[in-house]
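Engineer: Turn this into a model:
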Amino acid sequence: TLGSVASPAGIGVMRHWCEVQNLPRQMFGLAGRGIFAVGLALTRAYLINANWRTSIAATTLATIVIDVPFTACAVFDIIRSQYFLLGEEFLVE
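Structural biologist: Numbering: from 1, shown residues only. The predicted structure follows:
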């Protein structure tokens with residue numbers, strides 16, 4: 001996921017290849033939103049006057065760097081654990 005753009009294959013990979021169950025997915029999503037709220041508070045406290053172009057570039061690159069290893073491991077059948085794949089959503093959320 002990049003911003004609000006997601007891969008059309010993402011749900012299929014989660015459901016069929018990694019067999020992600022609904023309860024762990026919802027729990028990881030809830031925890032990820034909690035981390036997001038903490039990140040917003042830290043941004044407000046320390047980065048309110050930061051250059052917005054640098055902030056957008058840094059978060060875009062960080063999202064890609066975090067997303068690619070998890071997705072590649074699932075697609076190429078290296079690691080297909082539901083918790084491994086959900087860890088990516090937890091970090092990117």
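Engineer: hey, let's count contacts and neighbours off CA atoms from now on
Structural biologist: Fine.
Engineer: centre of the chain versus the helix or strand of the chain with the lowest mean pLDDT, how much separation?
Structural biologist: When the helices and strands of the chain are scored by mean pLDDT, DSSP states H and E, helix 10-12 comes last with a mean of 74. When distances are taken as CA atoms, centre = their mean, to the nearest Å, helix 10-12 is centred 14 Å away from the chain's centroid.
Engineer: what comes into contact with it?
Structural biologist: Residues from elsewhere that reach helix 10-12 (CA atoms under 8 Å, 6 or more residues apart in numbering): none.
Engineer: and Cys73, how many neighbours does it have?
Structural biologist: Counted with other CA atoms under 10 Å, the neighbours of Cys73 add up to 15.
Engineer: ok now do it, which residues does it touch?
Structural biologist: Contacts of Cys73 were listed using CA under 8 Å, 6+ apart, and they are Ile79, Arg80.
Engineer: Helix, strand or coil: sort out the residue of the chain positioned farthest from its centre for me.
Structural biologist: Centroid-distance maximum for the chain: Asn49 at 25.7 Å, with CA atoms, centre = their mean. For Asn49, the assignment made with DSSP: H, G, I helix; E, B strand; the rest coil gives coil.
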